[in-house]
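>>> sequence? don't have it. structure:
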């Protein structure tokens with residue numbers, strides 16, 4: 001992939017399995033509907049909505065309809081560094097946690113104008129300031145998304161102690177999930193009781209803390225099992241299980257099939273596509 005590329009996505013192009021993003025991506029929905037899981041957060045995209053995906057996040061596309069039309073702006077980690085250079089650090093942190101927004105009709109039209117301008121600048125590769133202009137165009141789009149997301153967040157989910165605790169919980173789970181899958185560990189790390197943490201996560205995310213931890217762990221495991229270079233035993237060690245059989249029982253409990261069965265199903269799906 002070049003530093004930045006723009007592609008159009010329809011139902012036929014939507015990946016069917018979870019994957020770890022190797023690059024950053026901005027998705028704009030022009031028509032139809034799709035549900036996207038990003039690190040186990042659920043986002044509903046309809047016409048006029050947008051979402052930001054960061055490198056290394058796990059993405060799963062679900063329930064896309066036939067009318068789906070997305071524009072994807074994909075950019076490398078190097079371009080992301082250029083994009084966020086001099087960008088306020090608090091805005092970057094905010095965008096990681098609140099990376100989805102919806103635009104009204106006139107706002108969506110403006111975003112489409114930005115996209116067309118970005119496409120024109122991408123094609124103008126003889127321009128002496130080609131890279132600088134592309135960065136500025138992409139940064140304008142990013143500021144529009146952050147501004148809209150901040151308005152939505154301040155109007156519907158004010159920054160309270162509960163939401164701050166939820167954000168900290170999610171951040172620690174994403175970092176430590178390969179070693180720890182107990183609510184006790186995360187409650188101790190956050191200096192709260194298990195009961196309080198479970199109550200807050202249920203209120204803010206709709207799942208119990210244990211459910212969210214397990215769902216995110218399974219998502220990570222599915223991505224690891226897609227690697228042809230890792231054996232089931234190596235994946236078990238990666239997630240600090242004492243042996244493959246314990247890993248297999250955990251995986252089957254939450255998915256109803258074993259790691260090997262999951263891999264076999266993936267192979268069959270690949271052959272039929």
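Done, it's in. Everything quoted here is computed from the prediction, not taken from an experiment.

>>> Tell me if residue 29 really is in a strand.
Yes - applying DSSP: H, G, I helix; E, B strand; the rest coil, one finds residue 29 inside a strand.

>>> Would you agree residue 62 is in contact with residue 33?
No - look at residue 62 against residue 33 with CB atoms under 8 Å: they stay out of range, at 10.6 Å. For every residue, glycine as well, the C-beta is placed using N, CA and C.

>>> okay, the two: which has more neighbours?
Between residue 62 and residue 33, counting by other CB atoms under 10 Å, residue 33 is the more crowded of the two (15 against 12).

>>> which residues sit in contact with the more buried one?
When contacts are counted by CB atoms under 8 Å, 6 or more residues apart in numbering, residue 33 touches 44, 45, 46, 63, 64, 65, 67, 68.

>>> min pLDDT across those, which one?
For the contacts of residue 33, the weakest pLDDT value sits at residue 63, with 85.

>>> How about that residue: what's its closest non-neighbour residue?
Of all residues not flanking residue 63 in the chain, residue 35 sits nearest, at 4.5 Å (CB to CB, 6 or more residues apart in numbering).

>>> Show me which of the contacts of residue 33 are buried.
Among the contacts of residue 33, those buried by neighbour count (16 or more other CB atoms under 10 Å) are 45, 64, 68.

>>> Need the phi and psi values for the second one.
Translated: residue 64. Per-residue torsions, residue 64: phi -80, psi 140 (degrees, to the nearest 10).

>>> Repeat that for the last one.
Comment: the main-chain dihedrals of residue 68 come out as phi -60, psi 130, following degrees, to the nearest 10.

>>> right, and the secondary structure at residue 72 would be what?
Assigned with three-state DSSP, residue 72 falls in the strand class.

>>> Residue 244 versus that one, what's the distance?
37 Å (CB to CB, to the nearest Å).

>>> more crowded one of those two?
Comparing residue 72 with residue 244 by other CB under 10 Å, the one with more neighbours is residue 244, at 18 against 15.

>>> Backbone dihedrals for the more buried one, both of them.
When read as degrees, to the nearest 10, the backbone of residue 244 gives phi -60, psi -30.

>>> what's the burial count for residue 198?
19.

>>> Spell out which residues sit in contact with it, please.
The contact partners of residue 198, by CB under 8 Å, 6+ apart, come to 183, 208, 209, 210.

>>> One more: residue 215?
Counted by CB under 8 Å, 6+ apart, residue 215 has contacts 40, 207, 254.

>>> How many neighbouring residues does residue 143 have?
For residue 143, the neighbour count with other CB under 10 Å is 12.

>>> Tell me both backbone torsions, phi and psi, for it.
Dihedral angles (degrees, to the nearest 10) for residue 143: phi -60, psi -40.

>>> and the gap between it and residue 104?
According to CB to CB, residue 143 and residue 104 sit 17 Å apart.

>>> Then residue 124?
Using CB to CB, residue 124 is found at 30 Å from residue 104.

>>> From residue 210, how far off is residue 186?
From residue 186 to residue 210 the distance is 10 Å (CB to CB).

>>> Look at the two and report which has more neighbours.
Per other CB under 10 Å, whichever of residue 186 and residue 210 has more neighbours is residue 186, with 25 against 15.

>>> Now do the SS call for residue 6.
The three-state label given to residue 6 by three-state DSSP is strand.

>>> Excluding chain neighbours, what is closest to it?
In space, residue 6 is closest to residue 73, 5.5 Å off (CB to CB, 6+ apart).

>>> Could you list the low-pLDDT ranges of this structure?
1-2, 90, 152-159, 268-273 (pLDDT under 70).
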